[in-house]
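Engineer: Need a 3D model of the sequence below.
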Amino acid sequence: MLYVFNVVLPVFALILIGYLCGRTGKLGVNASTELNRFVVWLALPAQLFNFASNSGWQTLWQPGFITAFFLSCLIVFALVLLVSWLRHRDLAAASFDGLSASYSNTGYMGIPLCALALGQDGLAPAIISTFVVFVMFALATVLIEIAILSHKKPHEIFWSATKSLCTNPLLIAPVAGLLWSASGLVLYDPVAQVIAFLAAAATPCALVSIGLFLMQKSQASSSQTWSITFAKLNIPPVIAWVIAGPVLDLPVLWVNAVVILSALPTGTGPFMLAQYYKADGSVISRVVLFTTVGSLLTLSLFLWWNSGV
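Structural biologist: Predicted coordinates for the structure are as follows:
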């Protein structure tokens, strides 16, 4: 049990610090937005580039893990999207619901949690999962574009969705890192040091940013919020474990990693996407809150069970 406490305490303590700083006014009302921008545009891209450039394709190309994690996301996304669409007949709203139920917080929580629970070897699956999460993000973006721009031609929708993806720094950074690694070139030391400094700030700033985000108030439907929360915290890890363990028989490290990453709470990506499209983000913000709090229990239970296996 001490092992579980040692793993989850640093992660959730930083989230709590962010929440308390916002609650007490030590950080202002715009702190969440500005800190999130710092993480998204500077710190996390630096961390992703740093790891990818020092790893290469051989480390990150793990088809079994990718299959298990991707299917755990895709199945839940499709199920929640279908249920939501049948209830409301709104493809854009259904896409936001599906993304909220399948978008794991791999960048902000997955990387530090895997590093703490699995050591340095846990960084590889965490980085890989960020690519998979962006595939889900891309899928939802395309469906939202189709719903919103239904009056436009298919190629216009395609270019609009492609533009939004190709300008995302969290997608550009790891790809750039892999390309740099493949080139065989060595970064100029001062440049490498700057990237390292920014990368070191990614984890604490990201977790504090989550705490600040959780302060936001919402009038979301409680039944819808609880349904998506239950789906996010329970269905993906079960699917991931079945595929990675009994079906594909992956090594223990990769099975543990895929379960941890699929059991993570919903990231802030769906909320930021809703803001971008000026959609109602009240349900998403509550799902982020409920899944983050709920994951303290579900992740702790998995780590406790796993430590005894």
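Engineer: could you pull out the helices for the stretch 151-300 of the chain?
Structural biologist: 154-166, 169-183, 189-213, 222-242, 252-262, 269-276, 282-307 (DSSP state H, counting those that start in this stretch).
Engineer: Lowest average pLDDT across the ones you listed?
Structural biologist: Lowest mean pLDDT within the helices of the stretch 151-300 of the chain: helix 154-166, at a mean of 71.
Engineer: and Trp61, what are its phi and psi?
Structural biologist: With angles defined as degrees, to the nearest 10, Trp61 sits at phi -90, psi 90.
Engineer: how far away is it from Ala201?
Structural biologist: The span separating Trp61 from Ala201 equals 29 Å under the rule CB to CB, to the nearest Å. Just so you know, the C-beta spots here come from the backbone N, C-alpha and C atoms, and that holds for glycine as well.
Engineer: And Asp189, by the same measure?
Structural biologist: Asp189 is 19 Å from Ala201, by CB to CB.
Engineer: Can you pick out the residue with more neighbours from these two?
Structural biologist: Ala201 (16 against 8; other CB atoms under 10 Å).
Engineer: Please tell me I have it right and the more buried one contacts Ala43.
Structural biologist: Yes: in this structure, Ala201 is within contact of Ala43 by CB atoms under 8 Å, at 4.6 Å.
Engineer: With distance to Phe51 added, can I get the helices of the stretch 151-300 of the chain in TSV?
Structural biologist: Below are the helices of the stretch 151-300 of the chain laid out as TSV (distance: least, CB to CB, whole Å):
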stretch	distance to Phe51
helix 154-166	21
helix 169-183	7
helix 189-213	8
helix 222-242	22
helix 252-262	14
helix 269-276	19
helix 282-307	22
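Engineer: among those helices, which is nearest Leu48?
Structural biologist: helix 169-183 (4.2 Å; CB to CB).
Engineer: what residue lies at the spatial centre of the chain?
Structural biologist: Asn105 (2.6 Å; CA atoms, centre = their mean).
Engineer: The residue nearest to that one when sequence neighbours are not counted: how many residues sit nearby?
Structural biologist: Residue nearest to Asn105 in three dimensions, not counting chain neighbours: Gly267, with 3.6 Å by CB to CB, 6 or more residues apart in numbering. By other CB under 10 Å, the residues close to Gly267 number 26.
Engineer: oh, and call the first residue 50 from now on, that's how I've got it
Structural biologist: Will do, 50 is the new start, and the previous item becomes Gly316.
Engineer: where does Gly316 fall, phi/psi-wise?
Structural biologist: phi -80, psi 180.
Engineer: Check Ser178 too.
Structural biologist: Per degrees, to the nearest 10, the backbone of Ser178 is at phi -60, psi -30.
Engineer: Can you verify my assumption that it contacts Ala312?
Structural biologist: No: Ser178 lies out of contact with Ala312 (CB under 8 Å); the separation is 11.6 Å.
Engineer: and the angle for the helix or strand harbouring Tyr68 with helix 331-356?
Structural biologist: In this assignment (DSSP states H and E), Tyr68 forms part of helix 51-72. Between helix 51-72 and helix 331-356, the angle comes out at 160 degrees (axes from the mean of the first three to the mean of the last three CA atoms, to 10 degrees).
Engineer: If I take the helix or strand following helix 51-72 and helix 318-325, what angle do their directions form?
Structural biologist: Along the chain past helix 51-72, the next helix or strand (assigned with DSSP H and E) turns out to be helix 80-87. Relative orientation of helix 80-87 versus helix 318-325 (the same axes, to 10 degrees): 100 degrees.
Engineer: Can you spell out which helices and strands pack onto helix 80-87?
Structural biologist: helix 51-72, helix 238-262 (3 or more CB pairs under 8 Å, 6 or more residues apart in numbering; DSSP states H and E).
Engineer: tell me the angle the last one makes with helix 218-232.
Structural biologist: Calculated by the same axes, to 10 degrees, helix 238-262 forms an angle of 150 degrees with helix 218-232.
Engineer: Point out the other helices and strands that helix 238-262 packs with.
Structural biologist: helix 51-72, helix 80-87, helix 93-102, helix 160-167, helix 331-356.
Engineer: Out of the ones you listed, the one nearest Ser232 is which?
Structural biologist: Here helix 93-102 is closest among those (CB to CB), at 9.5 Å.
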